[in-house]
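> This is a predicted model, with the sequence first.
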Amino acid sequence: MTPKAFSLNALGQEGADKRIDILRLIGLTGSISEAARQAGISYKAAWQAIHTLTNLAGVELVDRAVGGSGGGGARLTAAAEQLLDAAMQMERARQEVLSRFSGGAAQAVAGAGLRTSMRNNLRCVVQSLDGLESGDLLVRVVLQLSDGAQLASSITLESAELLDLQPGRAVLALCKATAVKVVAVPGAGSQSARKTPQKEGTNWLAGKVDRVTRGVHSDEIVLTLAGGQQLVGFAARPNRLRTGSLARADMAENAVVLARV
């Protein structure tokens, strides 16, 4: 019987996520728990990887046998085998393309594969992870931008494991423009704005207004941060923001999504 075709949505950046690795290890070991052990993640995170890939693929990828004389186990479906083969070919092609570029061009090519509705994509480096060893369900990831400014993201423990986050790891911080609130910083330079005490669970980034698009109830503001990256958000009307104004962007930590490329 010809296996049901899987959706290409299941094929992401293989080298940047352990989900494909989990699937491959299940095929090799016949065990979800052993696959998790070899990948260095929790059993729960392995199941999250399976559920996510299955949702993206649109077909079943793992058959799980419970109990019986063989003691149970797991095996890949024919669709999963095809997905692994496609993932391997895509990764080879990706590496071949990336090898032709260097520096910022390579980063841009790698990130170009991300297609989301989130307009904010900030290049960051992981500075620290709080709660990773405490057994809590949430991890606070502190990030550093190129200009030294800090940004934090609150994610689940399983997501931190699957992304293999660790200090020094380069990531993209994604955030919807509608989750970013921009306010003016009257009479203060960008350095002063950055030193303003932050509320717990809130990110404040200082910048200069590059563009303003007027709306009925709010204005869309494009900020240029000190390091040159741009951030899009909204400011409630009325406001005094103009091109060249100093402003501050606020966003909640649980609104910041992390991605590896």
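Happy to help now that I have it.
> and the helix or strand containing Gln95, what does it pack onto?
Using DSSP states H and E, Gln95 sits in helix 78-98. In terms of contacts (3 or more CB pairs under 8 Å, 6 or more residues apart in numbering; DSSP states H and E), helix 78-98 is packed against helix 19-29, helix 43-57, helix 103-111. In short, each C-beta sits where N, CA and C put it, glycine included.
> can these go into a markdown table with extra columns for distance to Gly73, mean pLDDT and mean neighbour count?
As requested, the helices and strands packed on helix 78-98 are exported to a markdown table (distance: least, CB to CB, whole Å; pLDDT from 0 to 100; neighbours: other CB atoms under 10 Å):
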| stretch | distance to Gly73 | mean pLDDT | mean neighbour count |
| --- | --- | --- | --- |
| helix 19-29 | 9 | 93 | 21 |
| helix 43-57 | 14 | 89 | 19 |
| helix 103-111 | 36 | 52 | 13 |
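> tell me the contacts of Glu253?
Arg140, Ala152, Ser153, Ser154, Gly201, Thr202, Asn203 (CB atoms under 8 Å, 6 or more residues apart in numbering).
> Can you report phi and psi for the first one?
What that stands for is Arg140. Phi and psi for Arg140, reported as degrees, to the nearest 10, are phi -100, psi 110.
> closest to Val256 out of the helices and strands packed on helix 78-98?
With CB to CB as the measure, helix 103-111 is the member of the helices and strands packed on helix 78-98 nearest Val256 (16.3 Å).
> Tell me the buried residues in the helix or strand just after the closest one?
On the C-terminal side of helix 103-111, the closest following helix or strand by DSSP H and E is strand 120-130. Neighbour counts over strand 120-130 (16 or more other CB atoms under 10 Å) mark Asn120, Asn121, Leu122, Arg123, Cys124, Val126, Leu129 as buried.
> again, but for stretch 161-171
Glu161, Leu162, Leu163, Leu165, Arg169, Val171.
> tilt between the helix holding Gln95 and helix 43-57?
Orientation of helix 78-98 against helix 43-57 (axes from the mean of the first three to the mean of the last three CA atoms, to 10 degrees) gives an angle of 90 degrees.
> Would you mark the buried spots in helix 78-98?
Within helix 78-98, the residues scored as buried using 16+ other CB under 10 Å are Ala79, Ala80, Gln82, Leu83, Leu84, Ala87, Met90, Arg94.
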